[in-house]
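Chemist: following is a predicted model, sequence given first.
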Amino acid sequence: MNQSSPGGIQYALRVNGVSKSYPQKSGTAASSFSLDDITFDLPLGYIMGLIGPNGAGKSTLIRLILNMTKRDRGSIEVLGMDNIAREEAVKSQLGVVFDSSYFINLWTVAKCGKAMAPLYPSWKQEAFQGYIERFGLEPKKKVKELSRGMQMKLMLAVALSHDARLLILDEPTSGLDVLARDELMDLLADYIADGQHAVLFSTHITSDLEQVADFITYINEGSLYYTGPRDEFEDAFQLVHGAPGDLNPSQKALAVGIYEFATGFDALVASEHLQAFVSAGGAQAPGGQVSGSVQERYSVERPAFDDIIRLTSKQTQVSPRGGQQAASSKQQVSGEETQS
Ligand SMILES: Nc1ncnc2c1ncn2[C@@H]1O[C@H](COP(=O)(O)OP(=O)(O)OP(=O)(O)O)[C@@H](O)[C@H]1O
């Protein structure tokens, strides 16, 4: 199997120009949805966070990778294999953790292992037993008696026991407390450490990704907003807080997104536009004078992922142009960058 690019990078996952449309269902208020021309690469040895607001298309993308939904256009390769043409081989290399259990409720933990074993040629029963012990899962407990977090751990135990090379997690941490989430993050870090495994991890708990993700893919309303190294995504924007009414049209045009409230505003500004944003504010001060320094007028900080999502959403986005420029950061994970 060829999972290398000409640059010698080994890819766990390559998504190229993938599109999928759901037509509007007749007789319902739901509008149509399109996932449009999504392209990104995930090399082996890395964790990629998949983020975006509700309804952005994250689960649709995951379903397309798992061939649970048929794509309209584009290609998807898992470890160099087309995910449709080589579906069987691809599935044996994939481990999947969903936000809710896919096991039969009346099965015991031990039965889940037994039922999964024949599906995977590389199943290791000792590994499964080791994981259920490590995760505190009682072999005789039924799936329906497990908490949400325990069900997630059971799915993870199965995924790790057949040596899946690519782990796909769709909202795995939604039912977990902070200790269990930290444990999962440690486990994922161990999992990719040998350079032969990779993780695609969709979550709304973006602080988890700030801990472990090497790459971020951000989807907004079905379109790719950013894919690339996490630190470049974090560095691409600045979050400016200011007083109520202290925003002029030039600044609004420069910001990617603005949220105004009774006691002030939050503006998401591309890092390269921060100086222009501040200067535009100064030029508009009463009497033509610059009314105070940056420190006095604004507070500027590095935005959290949640701030970026909040301020690039439909409701707060004021300047798609600014957004696109901010995402000069918008790039593919290219061979040379991931090698270093
Ligand atoms: N089978 C389907 N038929 C029609 N529309 C669908 C189908 N599955 C998903 N959609 C629509 O596609 C859009 C994207 O949904 P998706 O579940 O992929 O988003 P998401 O980013 O995972 O959202 P969330 O964070 O809320 O889980 C939504 O508008 C949803 O209603």
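Modeler: On my side now, so go ahead. Every value quoted in this text rests on a predicted model; they were computed, and no experiment measured them.
Chemist: all contacts plus neighbour counts: C-alpha atoms, from now on.
Modeler: Will do.
Chemist: ok, Asp163 touching Pro121?
Modeler: No. Using Cα atoms under 8 Å, Asp163 is not in contact with Pro121; the gap is 10.0 Å.
Chemist: let me know the pLDDT of Asp36.
Modeler: Predicted confidence (pLDDT) for Asp36: 93.
Chemist: on the three-state scheme, it is what?
Modeler: Three-state call for Asp36 (DSSP: H, G, I helix; E, B strand; the rest coil): strand.
Chemist: follow-up on the earlier one: Asp163 and Pro121 - which one has more neighbours?
Modeler: Neighbour tally, Asp163 and Pro121, criterion other Cα atoms under 10 Å: the higher count belongs to Asp163, 21 against 10.
Chemist: excluding covalently adjacent residues, which one is nearest to the more buried one?
Modeler: Of all residues not flanking Asp163 in the chain, Ser122 sits nearest, at 6.8 Å (Cα to Cα, 6 or more residues apart in numbering).
Chemist: likewise Thr217?
Modeler: Using Cα to Cα, 6+ apart, the nearest residue to Thr217 is Thr227, at 4.2 Å.
Chemist: mind giving me the domain split of the protein?
Modeler: Here the domain parsing of the chain from automatic domain parsing is 11-233, 237-339.
Chemist: among those domains, where is the model least confident on average?
Modeler: domain 237-339 (a mean of 71).
Chemist: and the next element down the chain from the host helix or strand of Val90?
Modeler: Per DSSP states H and E: Val90 is located in helix 87-92. Next helix or strand after helix 87-92 toward the C-terminus (DSSP H and E): strand 94-97.
Chemist: tell me what that following strand is packed against?
Modeler: For strand 94-97, the packing partners by 3 or more Cα pairs under 8 Å, 6 or more residues apart in numbering; DSSP states H and E come out as helix 148-161, strand 166-170.
Chemist: what's the shortest one packed up against?
Modeler: Under the contact definition 3+ Cα pairs under 8 Å, 6+ apart, strand 166-170 sits against helix 58-65, strand 94-97, strand 198-202.
Chemist: now tabulate those in CSV and tack on mean neighbour count and distance to Ala159.
Modeler: Listed next are these as CSV, based on neighbours: other Cα atoms under 10 Å; distance: least, Cα to Cα, whole Å:
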stretch, mean neighbour count, distance to Ala159
helix 58-65, 21, 16
strand 94-97, 22, 4
strand 198-202, 26, 12
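Chemist: export those to TSV and tack on distance to Thr39?
Modeler: Converted to TSV, those look like this (distance: least, Cα to Cα, whole Å):
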stretch	distance to Thr39
helix 58-65	11
strand 94-97	20
strand 198-202	14
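Chemist: so which of these is nearest the ligand?
Modeler: helix 58-65 (3.7 Å; Cα to the nearest ligand atom).
Chemist: ok, the closest one near the ligand or not?
Modeler: Yes. Residues of helix 58-65 are located near the ligand by Cα under 6 Å from any ligand atom, namely 58-60.
Chemist: helix, strand or coil: sort out Asp39 for me.
Modeler: Heads up, residue 39 is Thr, not Asp. Thr39 is classified as strand under three-state DSSP.
Chemist: didn't it look like it was pressed against Ser19?
Modeler: No. Between Thr39 and Ser19 there is no contact under Cα under 8 Å: 9.5 Å.
Chemist: tell me how far the ends of stretch 156-174 are from each other?
Modeler: 14 Å (Cα to Cα, to the nearest Å).
Chemist: that older thread, same list (the residues of helix 58-65 next to the ligand) but as a markdown table, adding distance to Glu272.
Modeler: As requested, the residues of helix 58-65 next to the ligand are exported to a markdown table (distance: Cα to Cα, whole Å):
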| residue | distance to Glu272 |
| --- | --- |
| Lys58 | 29 |
| Ser59 | 33 |
| Thr60 | 33 |
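Chemist: the residue nearest to Thr217 belongs to a strand, doesn't it?
Modeler: Yes. Using three-state DSSP, the secondary structure at Thr227 is a strand.
Chemist: buried residues, the helix holding Val90. List them.
Modeler: Going by neighbour count (16 or more other Cα atoms under 10 Å), the buried part of helix 87-92 is 89-92.
Chemist: tell me which residues are up against it.
Modeler: 66-67, 78-79, 81-83, 119-121, 162, 164 (Cα atoms under 8 Å, 6 or more residues apart in numbering).
Chemist: hmm, 10 Å instead?
Modeler: Helix 87-92 is contacted by residues 65-67, 77-84, 119-123, 159, 162-166 when judged by Cα atoms under 10 Å, 6 or more residues apart in numbering.
Chemist: can you count the residues close to the residue nearest to Thr217?
Modeler: Count around Thr227 with other Cα under 10 Å applied: 27.
Chemist: one more: Ser122?
Modeler: By the measure other Cα under 10 Å, the count of residues near Ser122 is 14.
Chemist: follow-up on the earlier one: are there residues contacting both of Thr39 and Ser19? Which ones?
Modeler: In terms of Cα under 10 Å, 6+ apart, Thr39 and Ser19 are both contacted by the residues 74-75, 223.
Chemist: quickly find the element holding Met241.
Modeler: No Met there; residue 241 is His. strand 237-242.
Chemist: what lines up beside that strand in the sheet?
Modeler: strand 264-270 (antiparallel), strand 299-301 (antiparallel) (DSSP bridges).
Chemist: of all the ones you listed, which one comes closest to Thr312?
Modeler: Between Thr312 and the strands paired with strand 237-242, the shortest gap by Cα to Cα is with strand 264-270, which sits at 8.1 Å.
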